[in-house]
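>>> when you get a sec, could you give me coordinates for this:
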Amino acid sequence: MRLLFAYDDGLIWLRTDERPPPPDASGVRRRTGRERDPDWLRNLVAAPTAEVRVGGLTLAVRYEASSDPVADLGRVVELMRTKYGADWVEDWYIDRGRVPVRLRVE
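Here you go, the predicted structure:
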């Protein structure tokens with residue numbers, strides 16, 4: 001899976017996309033809140049060590065849960081604006097239910 005990321009001081013920063021709830025359907029329970037997190041984030045929460053590939057490098061990382069998601073989301077958006085451009089990374093990155101993800105390079 002390919003994800004956009006930013007790097008800063010030993011941390012690889014990611015953010016989730018908003019995962020909308022499934023359409024209404026008779027007999028189907030709608031997912032709420034954290035249940036809508038992507039599978040890759042749910043896997044990191046369950047088993048925080050992983051490997052990521054960046055270019056030709058494979059890096060050992062450890063997921064670190066955020067103690068301040070609002071500040072961390074602001075940080076990842078700031079880093080992504082610098083890397084990918086302010087026109088592409090707009091304010092809706094903060095306002096749409098996204099989750100900041102920190103991976104410490106080991």
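>>> which helix or which strand is home to the closest residue to R104 other than its chain neighbours?
Using Cβ to Cβ, 6 or more residues apart in numbering and skipping the chain neighbours, the partner closest in space to R104 is R62 (5.0 Å). Placement of C-beta: from N, CA and C, glycine included. Assessed by DSSP states H and E, R62 sits inside strand 57-64.
>>> need the contact partners of that strand.
Strand 57-64 has contacts (Cβ atoms under 8 Å, 6 or more residues apart in numbering) with 11-12, 44-45, 48-53, 101-106.
>>> sort out for me which of the residues you listed are in helices.
Secondary structure defined by DSSP state H assigns 44-45 of the contacts of strand 57-64 to helices.
>>> which among the contacts of strand 57-64 count as buried?
Using 16 or more other Cβ atoms under 10 Å as the burial test, the contacts of strand 57-64 include 11-12, 44, 101-103 as buried.
>>> what's the farthest-apart pair in those?
Greatest spacing in the buried ones among the contacts of strand 57-64, by Cβ to Cβ: L11 and L44 (13.7 Å).
>>> nearest to L73 among the contacts of strand 57-64?
Lowest distance from L73 to the contacts of strand 57-64 (Cβ to Cβ) belongs to V101, with 9.7 Å.
>>> residue contacts, the closest residue to the closest one other than its chain neighbours?
Closest residue to V101 apart from its sequence neighbours, by Cβ to Cβ, 6+ apart: L14 at 4.1 Å. Counting by Cβ under 8 Å, 6+ apart, L14 touches 3-5, 76, 100-101, 103.
>>> need phi/psi at the residue nearest the centre of the chain.
Centrality entry for the chain: nearest residue to the mean C-alpha point is R15, 2.5 Å, by Cα atoms, centre = their mean. When read as degrees, to the nearest 10, the backbone of R15 gives phi -150, psi 150.
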